[in-house]
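Undergrad: following is a predicted model, sequence given first.
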Amino acid sequence: MKALFALTAAVAATALPFILPGPFYIGIATQILAYGLFAMSVNVLAGYGGMVSLGHAAFLGIAAYAYALLVGAYSLSPASAAIVTLFIGTAAAAVFGLIALRTSGLSFLMITLALGQIVWGIAFRYTDLTNGDNGLNLSPDQALVVDPFGLYFLCLAVVVISFGLIAVLFRSPLGAAIKGVRDQPRRMNTLGFDTWALRYLTYVLSGLFATVAGILYVQVFRFISPHALSLAVSSEAVLMVIAGGIGTLFGPLLGAGVVVLLKNVASAYTDRWPTLLGCIFLFIILAMPDGLLPGAKRVLRNFLRVFNIGTRDSSHLAETQRAK
Amino acid sequence: MIALELNRLSKSFGGLHVIQDVSFSVMAGERRLILGPNGAGKTTLFNLIAGDLRPSDGTVSLEGKNVSRLPTHKRAAQGIGRTFQILTLFPKETVLRNVMLAGLGRSRDRWRPFGSLDTDQARREEAMDILGSVMLDHLAMKQVSETSYGEQRRLEIAMALAQRPKVLLLDEPLAGLSKEERKGVEQLLLALPRSLTVVMIEHDMDVALGFADRIALLQNGKLLVDGSRDEVIADPKTREAYLAN
């Protein structure tokens, strides 16, 4: 069922740019994919790893700045810059993880916030390198793809591959161990799992996906400024994940879609779109506390139950027989 | 052969001496009961053996090997399994998956980033066998949150057994159970293979004394009496410290 849904979504996403009326809307769809991947990276950490970070935009920003500097100041080709950026972003995550994972819970939240603010401060103040608040621009020849169609499909391909990797990983024994550490760290430790190593691996993996999102981000906007590393971007990504459904595969993409659409569409009609965004989040949290995706599933299940459609024998005894 | 040996084990939290100079050894296959009134330091002693706490002084040895410096997960790999007084299960998962996950802890497969835990037939069969041994196989596909407290207590033991431990630490396995449920768990404890060394904290004297070969009595973090079941029961210090209560 999940595979069928994923396949349908992939086909719909492939057809989307041909249906959309113009490059502006394709641009919005591309933004959804880039932010969606960033939200997926936050979901790896928060949803599967149980570690909520308020500094994850640091990896998005480090990747975007690294790419812009490599193609600009160091004159690397876009493809080479993207590869080197992957290593830089992952190395940053590996270093930050060593610091952040000395803590857990609220302290982890605070230390990630502090790390994020340090990186933001460097981006803002180290003007010789980052051009400060004015940011860095990418000329068309410095981007991997310029054409809106090409960029959309590049982002789609990267998101589909990342989605597949995350799906395979969190279905695997390693994924089960990571989720086990999220739910019962003490028990997992007693069972022989190295909980610190599993958390560290999750953190670095999440940083890697955020790095890829950062590379896409700088392709989409062809501009990077300290705003991309700000607390607002980190917390927005957490909200995307919560709104879509934390710990679900599709949820972060859905959450990113809601936020990016609201930002781009509602801001055309009113300056008070952040208020509207806040009201929508409030509604989601109150009406569907698990997020849009699990909430929609629950509504559908209740609907099917009320109308007695597709109910099946859920007897655990029957399933136990099958297990035997 | 000595399976577990505590040598002058101490643990202090600031000025509070929770465990003081405790030494005893548990032979392979022995059933050892840890007795003591509330606050005697029984669970702290378990935490020191399992590695959740580092001792302030003294050593813990497993089959002659000093494991005092090893973290919890490495001690588990060496053969120390435990249950908790407060249930630490995965309530949203099925009973079967809880046991499969427990078995995964001692396998290199725990680092495998592909494939599926659910389709691992060998692990599934092994987990079903363990569930059979604790009489939970009929609930294998039931979500843990939908099972009774007594069943969850048995699952707690099943998860520890799935680790294939050399020394099993049982922290009040009968806590909170009804009379009926106690009988079930008691049968399960008595049926544990003799090749397994068991150290148990339990307040239910009827079950605990029937189970134990030897008893260590703690009071205020100190080892008050250590000996065979009959010796400890007959010792006036036991009556004074514990049984009189």
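TA: Arrived safely. Keep in mind it's a predicted model, so treat the numbers as computed, not measured. Numbering: from 1, shown residues only, chains lettered A, B, ... in the order given.
Undergrad: in contact with the most far-flung residue of chain B relative to its centre, which residues?
TA: What lies farthest from the middle of chain B is B:Phe114; by C-alpha atoms, centre = their mean that is 32.3 Å. B:Phe114 makes contact with A:Val168, A:Leu169, A:Ser172 under the criterion C-beta atoms under 8 Å, 6 or more residues apart in numbering or on different chains. For every residue, glycine as well, the C-beta is placed using N, CA and C.
Undergrad: change it to 6 Å
TA: The contact partners of B:Phe114, taken as C-beta atoms under 6 Å, 6 or more residues apart in numbering or on different chains, are A:Val168, A:Ser172.
Undergrad: likewise for B:Ser145?
TA: By C-beta under 6 Å, 6+ apart, the contact list for B:Ser145 reads B:Pro91.
Undergrad: I'd guess it is in a helix, am I close?
TA: Yes. Secondary structure of B:Ser145 (DSSP: H, G, I helix; E, B strand; the rest coil): part of a helix.
Undergrad: from B:Gly36, how far off is A:Thr190?
TA: 22 Å (C-beta to C-beta, to the nearest Å).
Undergrad: again but with A:Phe124, I slipped
TA: Distance, A:Phe124 to B:Gly36, using C-beta to C-beta: 60 Å.
Undergrad: of the two, which one has the most company?
TA: B:Gly36 (22 against 17; other C-beta atoms under 10 Å in any protein chain shown).
Undergrad: apart from its chain neighbours, what residue comes closest to that one?
TA: B:Leu218 (3.7 Å; C-beta to C-beta, 6 or more residues apart in numbering or on different chains).
Undergrad: what about the helices in chain B?
TA: B:42-50, B:72-78, B:95-104, B:121-133, B:149-162, B:179-190, B:205-211, B:229-234, B:236-238 (DSSP state H).
Undergrad: now the angle between helix B:179-190 and the longest one, please.
TA: Meaning helix B:149-162. 10 degrees (axes from the mean of the first three to the mean of the last three C-alpha atoms, to 10 degrees).
Undergrad: domain ranges for chain B?
TA: B:1-79+B:166-245, B:88-164 (automatic domain parsing).
Undergrad: can you give the distance from the last one to the centre of its chain?
TA: The chain centroid and the centroid of domain B:88-164 are separated by 17 Å, computed with C-alpha atoms, centre = their mean, to the nearest Å.
Undergrad: ok, the longest one next?
TA: From the chain centre to the centre of domain B:1-79+B:166-245 is a distance of 8 Å (C-alpha atoms, centre = their mean).
Undergrad: same thing with stretch A:236-249?
TA: Relative to the chain's own centre, stretch A:236-249 is displaced by 8 Å; criterion: C-alpha atoms, centre = their mean.
Undergrad: what sits up against it?
TA: A:38-39, A:42-43, A:46-47, A:167, A:251-252, A:254-256, A:258-259, A:281, A:284, A:291-294.
Undergrad: can you list the buried residues in stretch B:170-186?
TA: By neighbour count on 16 or more other C-beta atoms under 10 Å in any protein chain shown, the buried set for stretch B:170-186 is B:Leu170, B:Asp171, B:Glu172, B:Pro173, B:Leu174, B:Ala175, B:Leu177, B:Glu181, B:Arg182, B:Gly184, B:Val185, B:Glu186.
Undergrad: would you mind giving the residues you listed as CSV with pLDDT and distance to chain A added?
TA: Converted to CSV, these look like this (pLDDT from 0 to 100; distance: C-beta to the nearest C-beta, whole Å):
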residue, pLDDT, distance to chain A
B:Leu170, 96, 13
B:Asp171, 94, 11
B:Glu172, 93, 16
B:Pro173, 92, 15
B:Leu174, 91, 20
B:Ala175, 89, 17
B:Leu177, 90, 20
B:Glu181, 88, 20
B:Arg182, 90, 23
B:Gly184, 87, 19
B:Val185, 90, 19
B:Glu186, 90, 24
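Undergrad: report the two of those separated the most.
TA: Pairwise distances across the buried residues of stretch B:170-186 (C-beta to C-beta) peak at 18.2 Å, for the pair B:Asp171 and B:Gly184.
Undergrad: so which of the domains of chain B is the most surrounded?
TA: domain B:88-164 (a mean of 20; mean count of other C-beta atoms under 10 Å in any protein chain shown).
Undergrad: close enough to count as contact, B:Glu110 and A:Gly175?
TA: Glu isn't right for residue B:110; it's Arg. No. Using C-beta atoms under 6 Å, B:Arg110 is not in contact with A:Gly175, being 10.6 Å away.
Undergrad: give me the low-pLDDT residue ranges for chain B?
TA: B:242-245 (pLDDT under 70).
Undergrad: same deal with chain A?
TA: For chain A, the ranges with pLDDT under 70 are A:309-324.
Undergrad: in it, which residue is closest to the centre?
TA: Central residue of chain A (C-alpha atoms, centre = their mean): A:Ala39, at 1.9 Å.
Undergrad: within range of chain A, give me the residues from chain B.
TA: B:72-73, B:76-77, B:82, B:88, B:90, B:96, B:101-102, B:104-106, B:109-117, B:138, B:140-142 (C-beta under 6 Å from any C-beta of the partner chain).
Undergrad: for the residue nearest to the centre of chain A, give me its contacts.
TA: Residues in contact with A:Ala39, defined by C-beta under 6 Å, 6+ apart, are A:Ala237, A:Met240, A:Val241, A:Pro252, A:Gly255, A:Ala256.
Undergrad: can you turn the buried part of the residues you listed into a PyMOL selection?
TA: This is the PyMOL syntax for the buried subset of these, where burial follows 16+ other C-beta under 10 Å:
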select buried, chain A and resi 237+240+241+252+255+256
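Undergrad: go through the contacts of A:Ala39 and name the one nearest chain B.
TA: A:Val241 (18.8 Å; C-beta to the nearest C-beta).
Undergrad: that closest one: helix or strand, and which one exactly?
TA: Secondary structure assignment for A:Val241, by DSSP states H and E: helix A:231-244.
Undergrad: isn't A:Ala100 up against A:Ala114?
TA: No. Contact criterion C-beta under 6 Å: A:Ala100 and A:Ala114 do not qualify, at 9.2 Å.
Undergrad: those two - which one has more neighbours?
TA: Comparing A:Ala100 with A:Ala114 by other C-beta under 10 Å, the one with more neighbours is A:Ala100, at 24 against 13.
Undergrad: measure the more buried one to A:Ser234 for me?
TA: For A:Ala100, the distance to A:Ser234 - C-beta to C-beta - is 13 Å.
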